[in-house]
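> Below are the sequence and a predicted model; questions follow.
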Amino acid sequence: MFKYWGRLFLTALGYKMVSLVLDKEQVELIRKTRDLLEELIETLDIMSDAELMEDIHKGEDDVKEGRARNYDEFIKELKSSRGI
């Protein structure tokens, strides 16, 4: 089993120094893959939180039923009431 840490690979048997040469496209692919994995982990975290998912569904229902307003309307109302 390997764990990549900078230019050092740690193994169950010790460590070994290695160098990797990557072109710009490979580096960009690694960055995009990392970003996608982070998004996936965040999505799974949210989906596994039953309370948060219930709140999200309630918010969606509020929007569908017209119990929400858009941001611009909200700011306009705050300004007119001197809340801002």
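Cool, the structure landed. What you see is a predicted model; the values in this text were computed from it and never measured.

> Please, where are all the strands along this structure?
Assigned by DSSP state E, the chain shows strands spanning 3-5, 8-11, 14-17.

> need the least confident one among those, by mean pLDDT.
When those are compared by mean pLDDT, strand 3-5 comes last with a mean of 47.

> Next, work out how far apart residue 58 and residue 52 are.
11 Å (Cβ to Cβ, to the nearest Å). C-beta here means a position set from N, CA and C on the backbone, and glycine is covered the same way.

> brain fart, residue 75
Residue 75 is 26 Å from residue 52, by Cβ to Cβ.

> Residue ranges of each domain in this protein, please.
Domain segmentation of the chain under automatic domain parsing yields 1-37, 49-84.

> between the ones you listed, which gets the lowest average pLDDT?
Among these, domain 1-37 scores lowest, at a mean of 70.

> Can you give me the distance of the residue nearest the centre of the chain to residue 46?
By Cα atoms, centre = their mean, the chain has its centre lying nearest to residue 39, at 3.9 Å. To residue 46, residue 39 is 11 Å away according to Cβ to Cβ.

> mind listing the helices for the protein?
In the chain, the helices defined using DSSP state H lie at 24-47, 50-64, 71-80.

> Mind giving me the packing neighbours of the second one?
This means helix 50-64. helix 24-47 (3 or more Cβ pairs under 8 Å, 6 or more residues apart in numbering; DSSP states H and E).

> Give me the angle between the helix it packs on and helix 50-64.
90 degrees (axes from the mean of the first three to the mean of the last three Cα atoms, to 10 degrees).

> OK, contacts around residue 81?
Not one residue lies near residue 81 by Cβ atoms under 8 Å, 6 or more residues apart in numbering.

> So that it lines up with my notes, have the first residue be 32 from now on.
Got it, the first residue is 32 from now on, which makes the last one we talked about residue 112.

> Kindly list the main-chain dihedrals of it?
The phi and psi values for residue 112, taken as degrees, to the nearest 10, are phi -90, psi 10.

> burial count for residue 93?
Other residues lying near residue 93 total 11 when counted by other Cβ atoms under 10 Å.

> Hmm, residue 99 and it touching each other?
Yes - taking contacts as Cβ atoms under 8 Å, residue 93 lies within contact range of residue 99: 5.0 Å.
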